[in-house]
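[1] I would like to see how this sequence folds:
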Amino acid sequence: MAGSSLGHLFRVTTFGESHGGAVGVVVDGCPPGIPLSEADIQRDLDRRKPGQSDITTPRKEQDTIQISSGVFEGRTTGTPIVMLAFNQDAQSQDYNHLKDVYRPSHADFTYSAKYGLRDWRGSGRASARETLARVAAGAIARKFLHTTLGIEILSYVEQVGGIRADVAPESVTAKAIEETIVRCPEIATALRMIELIRQVQQDGDSIGGVIRGVIRKVPAGLGEPVFDKLHADLGKAMLSINAVKGFDIGLGFDCVHLRGSQHNDPFKREEDGSITTATNNAGGVLGGISTGRDIIFRVAFKPVATIAKEQHTVDTTGKPTTLSASGRHDPCVLPRAVPIVDAMAALVIMDHYLRHKAQNLRS
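    Next comes the predicted model:
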């Protein structure tokens, strides 16, 4: 089955469960000759790993990555790259009381409905721990895109609950994003977000929010109409992330308040002779193809489903019951989800760049 794979020419397949032996990924179609080390991958994994601060899950995993194939003498060989990170701090006993219970808004019931069974230890394949593999693969794509094309991919927490940062995506820097534990580049707003997350955590609850993504210096022409439009593939990639409930690009849903005369992006000719748009309401994509402007999008995350508050549910026989989940969970997934959004954006752009080059030999 292809449900664990993403991409065409740059294809990744993830494997592993939250409380299994390891989580890993196979990257197929990576161009040969790219300088690559485990340290290149580890930098991104360290931004995603648990236990980073008091507003993330206290699970202690070093997420130390091992490259098992596809790299020789510090360079990619063009053959499949296999990467593994072994689980070290799984505490399956924390989930014993959930073995025969369906958690509200979780994947317990639907995994049982599809497969006839489920791994109740930390949610198995439905756990966000699987995203470790995505970040590892995305690190390869990000390095290639940056060193070869100068493409920069940034994501940051724009909103937590009702608290929203007012910052221009075009001006955000990687340094500003990493200055706070919540990964919001607007310091005063970040402090309010952190305070809210801590309060929610004390209440045994969770909260959601929005991550803003920015992809800079993407060449015009990427995208494969009609079914693999660039923004459609970005949307699919983002919606495949755990807890994501919404995706929009450019002005997104806000455009419904405008008229065409207000929303249209007029074209202009630059001094160097290139053609671009004066505004970027479309978010860098027209007709499913990149325009050369920054690609700007938003990803909405729901509150974490597993909470300590008592909830009504049923067991696997349909008998009503209540539960108060134990275990180690993020009160808000957004700070650790930022590198996941980065990775998924990189995987999509990388795949579309290779597809574009394969089809257009002249460019």
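[2] Please save the CA atoms from stretch 203-214 in PDB.
    In PDB, the C-alpha atoms belonging to stretch 203-214 read as follows (Å, rounded to 0.1, in the frame of the first residue of the first chain):
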ATOM      1  CA  ASP A 203      -5.800  22.700  33.600                       C
ATOM      2  CA  GLY A 204      -5.000  19.200  32.200                       C
ATOM      3  CA  ASP A 205      -6.200  20.500  28.800                       C
ATOM      4  CA  SER A 206      -4.800  21.300  25.400                       C
ATOM      5  CA  ILE A 207      -5.000  24.100  22.800                       C
ATOM      6  CA  GLY A 208      -4.500  24.500  19.000                       C
ATOM      7  CA  GLY A 209      -3.400  27.300  16.700                       C
ATOM      8  CA  VAL A 210      -1.900  28.200  13.400                       C
ATOM      9  CA  ILE A 211       1.600  27.900  11.800                       C
ATOM     10  CA  ARG A 212       2.500  30.200   9.000                       C
ATOM     11  CA  GLY A 213       4.800  28.900   6.300                       C
ATOM     12  CA  VAL A 214       7.000  30.900   4.000                       C
END
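[3] oh, and call the first residue 650 from now on, that's how I've got it
    Sure, I'll start counting at 650 from here, so that last one is stretch 852-863.
[4] for the record, mean pLDDT for that stretch?
    The average pLDDT for stretch 852-863 rounds to 97.
[5] cool, and stretch 704-718?
    Taken as a whole, stretch 704-718 carries a mean pLDDT of 83.
[6] ok, now stretch 955-972?
    Averaging pLDDT along stretch 955-972 gives 93.
[7] Which residues outside that stretch are in contact with it?
    Residues from elsewhere that reach stretch 955-972, judged by Cβ atoms under 8 Å, 6 or more residues apart in numbering: 746-747, 749-753, 755, 761, 852-855, 973-976, 978. In this view, the C-beta of every residue, glycine as well, is placed from N, C-alpha and C.
[8] neighbours around residue 706, how many?
    A count of nearby residues for residue 706, using other Cβ atoms under 10 Å, gives 19.
[9] So what does it have for phi and psi?
    Torsion angles at residue 706 (phi, psi; degrees, to the nearest 10) stand at phi -60, psi 140.
[10] The stretch 850-999 of the chain: strands as residue ranges?
    858-865, 893-898, 916-918, 924-926, 934-935, 938-939, 944-950, 960-963, 969-972 (DSSP state E, counting those that start in this stretch).
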